[in-house]
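Participant: after the sequence you'll find the predicted model.
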Amino acid sequence: MYKYDDYDQQLVDERVEQFREQVNRRLSGELSEEEFRPLRLMNGVYLQLHAYMLRVAIPYGTISTAQMRQFAYIARTYDKGYGHFTTRQNIQFNWPKLVDIPDILKDLSKVQMHAIQTSGNCIRNTTADQYAGASFDELEDPRPWCEIIRQWSTMHPEFTYLPRKFKMAVTGSPSDRAAVAIHDIGLRIRRDDQGDLGFEVMVGGGLGRTPMIGKTICEFLPKEDLLSYLEAILRVYNQFGRRDNKYKARIKILVHEIGAETFADLVEKEWVHIRDSALQLPQSEIDAIQAHFTPPPFEVLPSLSSVFADKVATDQAFAYWVKNNVREHKQQGYAIANISLKPVGGIPGDISHTQMDALADLADQYSFGEIRSTHEQNLVLAHVKRDDLYALWQKLDAYDLATPNSGLITDLIACPGLDYCALANSRSIPLAQRISNRFGELDRQHDIGKIQIKISGCINACTHHHVGHIGILGVDKKGQEFYQITLGGRADEHAKIGKIVGAGFSTDEVVDAVETLIDTYLNLRENKEETFLDAFNRVGEQPFKEALYDAR
Amino acid sequence: MTLVKNNLVIEDKWTFVGDEEDLPKTNAIVTLKRWQEDREALLARFDNLGIVLRSDENPQVIAEDVSFFQVIALDFPVYTDGRAYSYARLLRERFGYKGELRAIGNVLRDQIFLMHRCGFDAFEINQGGNKALKIWLDAQKEVTTFYQPTGDGRNTVLSLRERRRLAKSAS
Amino acid sequence: MTKQVVTANRLDDGLAVFYKADDSWHNSIDQASQVDAGPEAEALLAQASDERNQLCVVGPYLIDIDKEGAHATPVRYREMIRTLGPSVRPDLGYQAK
Ligand code: SF4
């Protein structure tokens, strides 16, 4: 994975001291809260319901074991012993004191981490496919490109006060696990007719009040032009994005209002001026960054592992975990292990400091010292020998990290909601817990099969509920929590915004409503292979609607 | 209000003139509207002319005219309105503007440095002389590492790395 | 008459706090001064938002409460959660005694 050189380190160190100064100036009264707020946000510090919240960037979701141990240390030392993984592959701490945050940032800088630009109207952390470098269908590892973007976007002097926040995602595979189509800019690595690799560039995806799927404005961008093209997009957006209304300030509105073609023209016109500038990436730099992401020293292993096959045959619990949580690896004899942070009835994405330490040890032992975070709020050990899976699973189980539900109904995505978040209209976590408990039995989960439920506590849509197979949005109806359901969304390479199915449900009704949807699906599916989403796409929303509302 | 330029507090010789106000004898900074309406008259009358652009006035409209101005002032109505960062770079790096580029409005310590990187070289700071100068000097010191190439001529990380690579391959 | 109290988050640690008219901030809502909505509440809010308090807390605002004896309960669920802690973690926040 990427290692800072002295320049990267110096910048982060300087930034820590700069923020320490800013905190001091706030505490002394030199800065008003109004002046301080954007500065703290630019350093990942929010003020939530109970306390400050610190969001730490995990660039493209890759975490070293030293970094994971540092998270554990921070959780123990400055917080209440746990952290929360978010849908943007970052980690949040819920209880830091403002006066401690400069020290926390200092501790993070020692493991080459920071919280820069994890909030504010600037370019945020770039996310990537969690299976990068391990997936068999990958054209190229997206992470070097994310790192190049990270550096370019860090403290960009021109783009620090954009009309609104700006998020990018990169995938290197045809199957899209990074949800690129719902980002302000989505990049998909692809081949042109000559067989060269470059990027398909999508802009204007995003959820919130006005959900939209990104539009492709460039079919094939040569790699060396990545930064000049991004700078052209951002410059157009910075000048012409709306600033009169916060809800219309994202780039998706600009693209929508002037049309994707006109937008593409503006970008093109800007780009011709800067394409051959210092932004053009020299091959030497691309090579140097890519060299940080060379594959780990895989062993040459036989395709079949009798140890592994034996255990699968004899240990049913292990077999279930393998079936649900283990994915094919590009390297023979290796596998990708998904670590669920969704124990049945638990808080999605939360992890204790002991679990963090344990995972770091396991990653050192079994997966080349590297851990990934996913936008589904889970973790991944990307390179595990098949022969080691059983031992790994046993140890994970000892720390309650072996829940075999990856991709199943209890693998729900839920934001912090009203239990923590100052913007929330309703709670998300308790609903996630109740749904999880309702469907917790593993046989039932297997019967239901692959399905994604996403719960947001307000229209900011942090969990991307619009693109959940079942999306649930918490709203406030006369002081009561209410939940609105959308159906049929998806975030993959066929990304689609789900449709609101009808009137919302009260806290008491909503879990039953989800069960009604599931039962309806089970009754009408053609066979066990037809997933919820497939069935929905075949029959449309009508049967689901009827089941939900006709009985009422 | 203090004008800081070239690490000094300087006396402001310029006058901002509203659309309806009488013009001074010299060193007038006029609005875009006035410039567009009275262009010829202004050019005939002044050797020293400046223009001020609001944040919703894109300098593209004066792209051909920049050589007429000794001062271009770009307004930050609130510091969160970041359009003028792009305007500044366009003026400097594309339209070839060489005169004074002045930041006015909500110009605060924690943004000044970004402004400088984008090409601003003069700053109206809402503080007394010594304090304003200190704000500028402090803001300058905080960060010394830059990833992005802009027109300010500072070495970028990438150029420094390239230099290192060359040195290494040469030795 | 609706009763109100002033709440905010403390600047240094961010915790939810409640205002008492003697110009002090408290972790428990029961310590807060309860005032009638309207001019009395606005005056209290102004006092709690003055320059000195800007150095102690962030973003003071008024909330409606229900009153039973000395004990105050916020009307809105959001504020209730602030007086207690996350509903999903009874071991954390003020509720964790
Ligand atoms: S969706 Fe709303 S409630 Fe949930 S975390 Fe995002 S902003 Fe907070």
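Facilitator: Okay, I see it.

Participant: which part of chain B gets nearest to the ligand, residue-wise?
Facilitator: residue B:80 (19.6 Å; C-beta to the nearest ligand atom). From N, CA and C alone the C-beta is placed, and that goes for glycine too.

Participant: and that residue, what is it in contact with?
Facilitator: A:38, A:121, A:161 (C-beta atoms under 8 Å, 6 or more residues apart in numbering or on different chains).

Participant: kindly report the same for residue A:196.
Facilitator: Counting by C-beta under 8 Å, 6+ apart, the residues that residue A:196 touches are residue A:222.

Participant: try 10 Å this time
Facilitator: Counting by C-beta atoms under 10 Å, 6 or more residues apart in numbering or on different chains, residue A:196 makes contact with A:190, A:220, A:222, A:223.

Participant: drop anything exposed from those residues.
Facilitator: Buried members of these, scored by 16 or more other C-beta atoms under 10 Å in any protein chain shown, are A:190, A:220, A:223.

Participant: chain C next: which of those are close?
Facilitator: The subset of the buried ones among the contacts of residue A:196 lying close to chain C, counting by C-beta under 10 Å from any C-beta of the partner chain, is empty.

Participant: which one among those residues gets closest to chain B?
Facilitator: residue A:223 (15.2 Å; C-beta to the nearest C-beta).

Participant: OK, contacts around the residue of the stretch 251-400 of chain A at minimum distance from the ligand?
Facilitator: Closest approach between the stretch 251-400 of chain A and the ligand, counting by C-beta to the nearest ligand atom: residue A:349, at 10.9 Å. Contact partners of residue A:349, counting by C-beta under 10 Å, 6+ apart, are A:83-87, A:91-92, A:341-342, A:373-374, A:376-379, A:413-416, A:429, A:432, A:463.

Participant: so which helix or strand of chain C has the lowest pLDDT on average?
Facilitator: strand C:71-74 (a mean of 90; mean pLDDT, DSSP states H and E).

Participant: quick one on the thing from earlier: now the residue of the stretch 251-400 of chain A closest to the ligand, nearest residue through space, not along the chain?
Facilitator: residue A:377 (3.5 Å; C-beta to C-beta, 6 or more residues apart in numbering or on different chains).

Participant: how close does the one you found get to residue A:454?
Facilitator: 10 Å (C-beta to C-beta, to the nearest Å).

Participant: what of residue B:28?
Facilitator: 59 Å.

Participant: looking at the two, which is more packed in?
Facilitator: residue A:454 (30 against 22; other C-beta atoms under 10 Å in any protein chain shown).

Participant: where does the more buried one sit: helix, strand or coil?
Facilitator: Here residue A:454 is recorded as strand under DSSP: H, G, I helix; E, B strand; the rest coil.

Participant: circling back: quick one: which of the buried ones among the contacts of residue A:196 sit in strands?
Facilitator: Counted as lying in strands by DSSP state E, out of the buried ones among the contacts of residue A:196, are A:190, A:220.

Participant: the buried ones among the contacts of residue A:196 into JSON lines, with extra columns for pLDDT and distance to residue A:243?
Facilitator: Formatted as JSON lines, the buried ones among the contacts of residue A:196 follow (pLDDT from 0 to 100; distance: C-beta to C-beta, whole Å):
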{"residue": "A:190", "pLDDT": "96", "distance to residue A:243": "34"}
{"residue": "A:220", "pLDDT": "97", "distance to residue A:243": "32"}
{"residue": "A:223", "pLDDT": "96", "distance to residue A:243": "33"}
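
Participant: neighbours of the residue in the stretch 51-200 of chain A positioned nearest to chain B, how many?
Facilitator: Closest residue of the stretch 51-200 of chain A to chain B, C-beta to the nearest C-beta: residue A:161 (2.8 Å). A count of neighbours around residue A:161, defined by other C-beta under 10 Å, yields 23.

Participant: likewise for residue B:9?
Facilitator: So residue B:9, with other C-beta under 10 Å, has 15 neighbours.

Participant: who are the neighbours in contact with the nearest residue to it once chain neighbours are set aside?
Facilitator: In this structure, residue B:9 finds its nearest non-sequential neighbour in residue B:129, 4.7 Å apart by C-beta to C-beta, 6+ apart. Shown in contact with residue B:129 (C-beta under 10 Å, 6+ apart): B:2, B:3, B:4, B:9, B:10.

Participant: over to the residue in chain B positioned nearest to chain A: give its phi and psi.
Facilitator: With C-beta to the nearest C-beta as the measure, residue B:82 is the residue of chain B nearest to chain A, at 2.8 Å. When quoted as degrees, to the nearest 10, the phi and psi of residue B:82 stand at phi -100, psi 20.

Participant: hmm, residue A:312 is touching residue A:335, no?
Facilitator: No: in this structure, residue A:312 is not within contact of residue A:335 by C-beta atoms under 10 Å, at 11.7 Å.

Participant: show me where chain C has helices.
Facilitator: Assigned by DSSP state H, chain C shows helices spanning C:39-48, C:77-84.

Participant: quick one: residues contacting residue 42.
Facilitator: I went with chain A, as the question did not name one. So residue A:42 contacts A:15, A:19, A:22, A:115-122, A:155, A:160-161, B:110 (C-beta under 10 Å, 6+ apart).

Participant: actually it's chain C I care about, not the one you picked
Facilitator: C:4, C:35, C:62.

Participant: swap in residue A:227?
Facilitator: A:148-149, A:151-153, A:274, A:277-281, B:147-149, B:158.

Participant: what helix or strand does it sit in?
Facilitator: Taking DSSP states H and E as the criterion, residue A:227 maps to helix A:226-240.

Participant: from chain B, how far off is the residue in chain C positioned nearest to the ligand?
Facilitator: Using C-beta to the nearest ligand atom, residue C:78 is the residue of chain C that sits closest to the ligand, at 10.8 Å. Counting by C-beta to the nearest C-beta, to the nearest Å, the gap from residue C:78 to chain B is 26 Å.

Participant: pull out the buried positions in stretch A:176-186.
Facilitator: A:176, A:177, A:178, A:179, A:180, A:181, A:182, A:183, A:184, A:185, A:186.

Participant: can you tell me which of the contacts of residue B:129 are buried?
Facilitator: For the contacts of residue B:129, buried by 16+ other C-beta under 10 Å: B:2, B:3, B:4.

Participant: near chain A, which residues of chain C are found?
Facilitator: C:8-16, C:51-52, C:54-55, C:57-59, C:75-89, C:91-94, C:96.

Participant: one more time with 8 Å
Facilitator: Contacts of chain C with chain A, taken as C-beta under 8 Å from any C-beta of the partner chain, map to C:9, C:11-16, C:54-55, C:58-59, C:75-78, C:81-82, C:85-89, C:92-93.

Participant: out of the residues you listed, which end up buried?
Facilitator: C:9, C:11-12, C:14-16, C:54, C:58, C:77-78, C:81-82, C:85-89, C:92-93.

Participant: the stretch 51-200 of chain A: helices as residue ranges?
Facilitator: Per DSSP state H, counting those that start in this stretch, the stretch 51-200 of chain A carries helices over the ranges A:65-77, A:101-109, A:143-153.

Participant: near chain B at all, the last one?
Facilitator: Yes: contact between helix A:143-153 and chain B is present through A:151, A:152 (criterion: C-beta under 8 Å from any C-beta).

Participant: what's the angle between that helix and helix A:226-240?
Facilitator: 40 degrees (axes from the mean of the first three to the mean of the last three C-alpha atoms, to 10 degrees).
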